[in-house]
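K.L.:
build me a model from this:
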Amino acid sequence: MTAPRSVDPRPRPFQLAACAEMLWPDRPIEWRAARLTEMGLGVGLWNWDSHDLDKLAGVGARYTIMNGYLRGRLADAEGAAMLLASAGEAIEVGKRLGVARLNLHGTGLGDHGIPLSRHEVVSGAMWLQARDTLNRICDLAEREGVVFTLENLNQRDHPGCPFASTGDVLALVSSIDRPQLRINLDLYHTQIGEGDLIRWCERCLPWIGEIQVADNPGRFEPGTGEIGFAAIASALVRMGYDGPIGMEAFAQGDSDAAVAAFVSAFTPAPAVSVA
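P.N.:
Next comes the predicted model:
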């Protein structure tokens, strides 16, 4: 393997990672995981069932997050049963790879992220079922010693996905308020859906399990769009957040350069004292 591009050597206030499936698209997934590891980052995964798990386990990577299910839904009894069974499978894979967090959405996603079960209106009964399903997920997670996250999405890219907004995810996770369920706060989706990113970080802070980032428009690395990531990073430091931040973004050009831009954006310059 060739030597990786130099990455910002400053101390990092956050636990940084990147989604392997979105970078170096011409390389095998285990090569991508190894490259991120060489660059000092954790590794995020999507559909683990598409990969050779033996090869991924042999890389020595720190896997930070992966899909916590392949089938199922939050808001109906049949979907909940499917989700719990699928989550059980994901737990076993996650333990094999040493994954820190297992990620969920309001419903399963198909090609291009289109929800498999679309709802323009979410009823009160669906909210009650979703809370029951997530409590059962927490029961499973507590028995198995793992953590799940619930991710917010945006309705432009994922039309009709129930419980997708940042507010809906916060409402569910905070109302359940169990350590086995945290928020995967995806700021790319929040920017499209709601904006006001720093205030959403403040509101979600007690329940955040991971923050994910990509710039908008384009879903490329920080610095390619409209989001002020330096201000967000500084605000997170002031809030006392020192947890995981994952880049879930495509590279606008060179993937090594994209990773370097991400690391730089979330490595704030030290404060300078004035005599």
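K.L.:
the stretch 1-150 of the chain: strands as residue ranges?
P.N.:
Along the stretch 1-150 of the chain, counting by DSSP state E, counting those that start in this stretch, strands occupy 15-19, 42-44, 63-67, 101-104, 148-151.
K.L.:
which other helices and strands contact the shortest one?
P.N.:
Translated: strand 42-44. In this structure, strand 42-44 packs against strand 15-19, helix 29-38, strand 63-67, strand 244-247, with contacts taken as 3 or more C-beta pairs under 8 Å, 6 or more residues apart in numbering; DSSP states H and E. In this view, the C-beta of every residue, glycine as well, is placed from N, C-alpha and C.
K.L.:
most packed of those?
P.N.:
Most buried of the helices and strands packed on strand 42-44, by mean neighbour count (mean count of other C-beta atoms under 10 Å): strand 244-247, with a mean of 27.
K.L.:
got the contact list for Ala251?
P.N.:
Ala251 is in contact with 22-23, 220-221, 257-258, counting by C-beta atoms under 8 Å, 6 or more residues apart in numbering.
K.L.:
on that earlier part again, okay, the strands of the stretch 1-150 of the chain in CSV with mean pLDDT next?
P.N.:
Listed next are those as CSV, based on pLDDT from 0 to 100:
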stretch, mean pLDDT
strand 15-19, 98
strand 42-44, 98
strand 63-67, 98
strand 101-104, 98
strand 148-151, 98
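K.L.:
now render these as JSON lines, adding distance to Asp186.
P.N.:
Listed next are those as JSON lines, based on distance: least, C-beta to C-beta, whole Å:
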{"stretch": "strand 15-19", "distance to Asp186": "11"}
{"stretch": "strand 42-44", "distance to Asp186": "12"}
{"stretch": "strand 63-67", "distance to Asp186": "11"}
{"stretch": "strand 101-104", "distance to Asp186": "10"}
{"stretch": "strand 148-151", "distance to Asp186": "6"}
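K.L.:
which strand residues bridge Pro244?
P.N.:
Gln15 (DSSP bridges).
K.L.:
look up how far Asn103 lies from it.
P.N.:
Per C-beta to C-beta, to the nearest Å, Pro244 is found 12 Å from Asn103.
K.L.:
so what's in contact with those two at the same time?
P.N.:
Common neighbours of Pro244 and Asn103 (C-beta under 8 Å, 6+ apart) are Ile65.
K.L.:
which one (most neighbours) among the contacts of Ala251?
P.N.:
Using other C-beta atoms under 10 Å as the neighbour criterion, Glu221 leads the contacts of Ala251 with 31 neighbours.
K.L.:
Gly88 reaches Leu140, doesn't it?
P.N.:
Yes. At 6.7 Å, Gly88 counts as touching Leu140 under the criterion of C-beta atoms under 8 Å.
K.L.:
more neighbours, those two?
P.N.:
A count of neighbours by other C-beta under 10 Å puts Leu140 above the other of Gly88 and Leu140, at 16 against 12.
K.L.:
surely that one is in contact with Ala87?
P.N.:
Yes. Between Leu140 and Ala87 there is a contact under C-beta under 8 Å: 6.3 Å.
K.L.:
quick one on the thing from earlier: tabulate the contacts of Ala251 (CSV), appending pLDDT and distance to Lys55.
P.N.:
Shown next, in CSV, are these (pLDDT from 0 to 100; distance: C-beta to C-beta, whole Å):
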residue, pLDDT, distance to Lys55
Met22, 98, 19
Leu23, 98, 17
Phe220, 98, 28
Glu221, 98, 26
Ala257, 98, 26
Ala258, 98, 23
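K.L.:
good, wrapping up.
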